[in-house]
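Chemist: can't give you the sequence, but here's the structure:
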């Protein structure tokens, strides 16, 4: 009977600890989320972490110096010095300036090859495009092996600290976050369905439900978001465009406003969530076959924005996830519709956890696991003043103008390259353009 | 991503590459990080496809010739040593340590070696001569479809005429050097690597 009581006692103690755990969870995260209040735990958490990271980095440098080992220095400032790019014509003229004229009208010079050669090798060493598709390197170590380039056993203290970090992240933070996420998603499913049953879709209720669910999701990632210029928030009858780093961008933005989402209709859990969301607010989901039909997409977009009672549509014109150091080509589809565009710039601080989704390397589940086992997701969101297409401006120019504004605000590099280059080859037309430019140099200078 | 950078490159290897190419320790580790990020197959070597994945190189009219320069005769893969050896041609000459004795073998980034690199871009069959045919082919790569065969032919003829001193209707390496003697090769064929 002694062992019987012992087993009962251990069972009871387990139940008590689970109850305490859930109550704490409820009080400190879900209730504030529902009420829209912030206790300030997250900020304290981040400041503490920052101090630890700085200590760890200094420690690492100290230990490396003692042992006379060289540390890998991340090339955030680049591997080579890049001068501002000259046009092909300027580059060749500059090259020829150093050679004496062999005859009065130089056409082709054997030295011309140096121009292409150097440009080519420079791009092999450091190009503007391929590095955008992998996570950026950090200057400070944040106790995650995934961002640590010097992970040899440098010191016992650091390894212990790292081990402690692993325990905390996978033992405490991850389960906590998964619970919250599950709660958030279930609430979305249940509440949106309930609201959908109401005879007239009360916008007030929809909004409340929406915001509450997204707040829970945000907390499930321990995301600290700072919204700037909220007076420019997107309004009904418009399109909100933002730079794309991760699927979490949607949660980040939806946390502060109601948007209609647009995308492909999925199956499984995601499909269920999509169908539930549609019950209470208008989203645009396409079948796989419809996605290719550009006219159909454009028509549904225009119909939606024409209805001023509908929420703004959230669109990511890059079409794929980029690593948040640059903004790549915006697809012109959304800019052809002719409605007001509300640009939004999102910039993540990778120090507490890099939010970039490298879709060629990690699947969705793996990615979410990494997100939920990082320290936190810290980002800034800037709402930019609305833009409209101007007279005489075509969709592509308009898209580039919006892109430049977003890049300038977020401190990102503005690139003309297509994000699709992550998987696809570059079009031959670009090479042909280079050949044409060079031919002009040859032919124009000959009589 | 450079997550495997320093762990796979041993100190001895770094020292050897340092001696052979003249790059500094930090330059070598950074270039190794670049090498591994290009190596999508993660097998320690780069293939031609790995290079062609770089958009700025793919649109370079001489992209294929430059890629070819990295691969030794008849091989399809280049390892990190070979990669560094080729890149070493582009180190600025000023970067060479002043106390290297003159008796040491000629550094990879000497003027002559830079010129040899450029010469080999023209010399398609690696027979140490640039024939009229080879010159035409390279010119065609650079201009695409925008210049007629006749015009290109006459450009090639004129170039060979000016360079060819021994009358064999092709350009040897020495003739090549002579043509370019007034060009600032050191500067035009150098890339400023950060330290």
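Modeler: In hand now; what should we look at? Keep in mind that this is a model prediction, so the values were computed, not measured.

Chemist: what residue ranges in chain B score low on pLDDT?
Modeler: Segments of chain B classed as low confidence (criterion: pLDDT under 70) are B:1-8, B:97-104.

Chemist: And the residue of it closest to chain A?
Modeler: With distances taken as Cβ to the nearest Cβ, chain B approaches chain A most closely at residue B:144, which sits 3.0 Å away. Heads up, the C-betas are built off the backbone N, CA and C, glycines and all.

Chemist: Skipping adjacent residues, who's closest to that residue in space?
Modeler: Once its chain neighbours are removed from consideration, residue B:144 has its nearest residue in residue A:435; the separation is 3.0 Å (Cβ to Cβ, 6 or more residues apart in numbering or on different chains).

Chemist: buried stuff in the helix or strand encompassing that neighbour?
Modeler: Taking DSSP states H and E as the criterion, residue A:435 maps to helix A:428-444. For helix A:428-444, the buried set under the neighbour-count rule, 16 or more other Cβ atoms under 10 Å in any protein chain shown, comprises A:431, A:434-435, A:437-439, A:441-442.

Chemist: which one among those gets closest to residue B:9?
Modeler: Comparing the buried residues of helix A:428-444 against residue B:9 with Cβ to Cβ picks out residue A:431 as the nearest, at 34.0 Å.

Chemist: what sits against that closest one?
Modeler: Taking Cβ atoms under 8 Å, 6 or more residues apart in numbering or on different chains as the definition of contact, the neighbours of residue A:431 are B:58-61, B:63, B:144.

Chemist: The same query, at a cut-off of 7 Å, please.
Modeler: Listed by Cβ atoms under 7 Å, 6 or more residues apart in numbering or on different chains, the contact set of residue A:431 reads B:58-59, B:61.

Chemist: can you check residue A:95 too?
Modeler: Applying Cβ under 7 Å, 6+ apart, one finds that residue A:95 lies in contact with A:111-112, A:114-115, B:188.

Chemist: now residue A:255
Modeler: Contact criterion Cβ under 7 Å, 6+ apart gives A:214-215, A:218, A:225 as the residues in contact with residue A:255.

Chemist: swap the cut-off to 8 Å and go again
Modeler: A:211, A:214-215, A:217-218, A:223, A:225.

Chemist: Inside strands: which ones of those?
Modeler: With strands defined by DSSP state E, the entries of the contacts of residue A:255 inside them are A:223, A:225.

Chemist: can you list the contacts of residue A:255 in JSON lines and add neighbour count and distance to chain B?
Modeler: Formatted as JSON lines, the entries for the contacts of residue A:255 read as follows, by neighbours: other Cβ atoms under 10 Å in any protein chain shown; distance: Cβ to the nearest Cβ, whole Å:
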{"residue": "A:211", "neighbour count": "18", "distance to chain B": "36"}
{"residue": "A:214", "neighbour count": "22", "distance to chain B": "31"}
{"residue": "A:215", "neighbour count": "24", "distance to chain B": "33"}
{"residue": "A:217", "neighbour count": "24", "distance to chain B": "28"}
{"residue": "A:218", "neighbour count": "22", "distance to chain B": "27"}
{"residue": "A:223", "neighbour count": "22", "distance to chain B": "23"}
{"residue": "A:225", "neighbour count": "17", "distance to chain B": "26"}
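
Chemist: nearest to residue A:172, of the contacts of residue A:255?
Modeler: Distances from the contacts of residue A:255 to residue A:172 were compared by Cβ to Cβ; the smallest belongs to residue A:223, at 17.3 Å.

Chemist: Can you name the residues bridging to that closest one?
Modeler: Beta-bridge partners for residue A:223, by DSSP bridges, are residue A:377.

Chemist: which ones are touching it?
Modeler: By Cβ under 8 Å, 6+ apart, the contact set of residue A:223 is A:248, A:251-252, A:255, A:376-379.

Chemist: Low-confidence ranges, the stretch 301-447 of chain A, go.
Modeler: Across the stretch 301-447 of chain A, residues meeting the criterion (pLDDT under 70) sit at A:444-447.

Chemist: Ramachandran angles for the residue of chain B closest to chain A?
Modeler: phi 70, psi -130 (degrees, to the nearest 10).

Chemist: One more: residue B:67?
Modeler: With angles defined as degrees, to the nearest 10, residue B:67 sits at phi -60, psi -40.

Chemist: Quick check: closest non-adjacent residue to it.
Modeler: residue B:51 (4.5 Å).

Chemist: does that neighbour count as helix, strand or coil?
Modeler: Of the three states, residue B:51 takes helix under DSSP: H, G, I helix; E, B strand; the rest coil.

Chemist: Tell me if I'm right that it and residue A:124 touch.
Modeler: Yes - using Cβ atoms under 8 Å, residue B:51 is in contact with residue A:124, at 6.7 Å.

Chemist: and the gap between the residue nearest to residue B:144 and residue A:88?
Modeler: With distances taken as Cβ to Cβ, to the nearest Å, residue A:435 is found 10 Å from residue A:88.

Chemist: What mean pLDDT does stretch A:79-98 get?
Modeler: Throughout stretch A:79-98, pLDDT has a mean value of 75.

Chemist: Which positions in it come out as buried?
Modeler: With the criterion 16+ other Cβ under 10 Å, stretch A:79-98 contains buried residues A:79-80, A:88, A:91-92, A:95-96.

Chemist: Stretch B:158-174 too?
Modeler: Neighbour count says stretch B:158-174 has B:159-160, B:163-164, B:170-173 buried, by 16+ other Cβ under 10 Å.

Chemist: check contacts around residue A:426.
Modeler: With contact taken as Cβ under 8 Å, 6+ apart, residue A:426 is in contact with B:55, B:58-59.

Chemist: so which residue of chain A comes closest to chain B?
Modeler: When distances are taken as Cβ to the nearest Cβ, chain A approaches chain B most closely through residue A:435, which lies 3.0 Å from it.
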